[in-house]
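K.L.:
what would the 3D arrangement of this be:
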Amino acid sequence: MKITKVDVMQINVKPVDNPGWRPIVCRIYTDAGIYGDGEAAMAYGTGSTAAYGMIQDLAKLILGMDPLQHEVIWHKLYKSTFWGQNGGTGYI
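P.N.:
Got it, this is the predicted structure:
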C-alpha cells in the first residue's frame, strides 16, 4: 500500500467561545482506497494557520510511502526538517 495524495484543508469556523480556533485538517489517501484523517495545530489566534503550510510541505515528503510504516515516515519527516531537529533561535 502506498500514499497517493494528501488533501490539506483550513476549516473556516469562528466559534463564539473560541474565536481564535482555526482547525487545519488533512486526509491521506492510499492506492488501496483507504484514507485517514488528521488535525494539525501550532497555536491559537495569531499563527494558528501556520500548520496549513507546514502540512502541505510535509505531505510532499510522504507521497509514495507505505502508511503502515509509521516509524519510517516519522524518521523521514524528522530528518527533513530543520526545526524538527531543535534548530533555530532560542536553543543553546
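K.L.:
can we go C-alpha only for contacts and neighbour counts from here?
P.N.:
Fine.
K.L.:
can you pull out the strands in the chain?
P.N.:
Listed in chain order, the strands of the chain (DSSP state E) span residues 3-10, 24-30, 35-40.
K.L.:
rounded mean pLDDT for the shortest one, please.
P.N.:
Averaging pLDDT along strand 35-40 yields 94.
K.L.:
can you tell me what sits against it?
P.N.:
Strand 35-40 is contacted by residues 23-29, 51-52, 55 when judged by Cα atoms under 8 Å, 6 or more residues apart in numbering.
K.L.:
any of the residues you listed buried? List them.
P.N.:
23-26, 28-29, 51-52, 55 (16 or more other Cα atoms under 10 Å).
K.L.:
can you tell me which of those residues is nearest V13?
P.N.:
Using Cα to Cα, P23 is the member of the buried ones among the contacts of strand 35-40 that sits closest to V13, with 8.1 Å.
K.L.:
hmm, back to that, export the buried ones among the contacts of strand 35-40 as JSON lines, with columns for distance to T4.
P.N.:
Formatted as JSON lines, the buried ones among the contacts of strand 35-40 follow (distance: Cα to Cα, whole Å):
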{"residue": "P23", "distance to T4": "23"}
{"residue": "I24", "distance to T4": "20"}
{"residue": "V25", "distance to T4": "17"}
{"residue": "C26", "distance to T4": "13"}
{"residue": "I28", "distance to T4": "8"}
{"residue": "Y29", "distance to T4": "6"}
{"residue": "A51", "distance to T4": "21"}
{"residue": "Y52", "distance to T4": "19"}
{"residue": "I55", "distance to T4": "15"}
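K.L.:
quick one: the lengthiest helix in the chain to chain centroid distance?
P.N.:
Identified as the longest helix of the chain according to DSSP state H is helix 50-62. Relative to the centre of its chain, helix 50-62 is centred 5 Å away, using Cα atoms, centre = their mean, to the nearest Å.
K.L.:
same check, this time on stretch 39-50
P.N.:
In terms of Cα atoms, centre = their mean, the centre of stretch 39-50 is found 11 Å from the chain centre.
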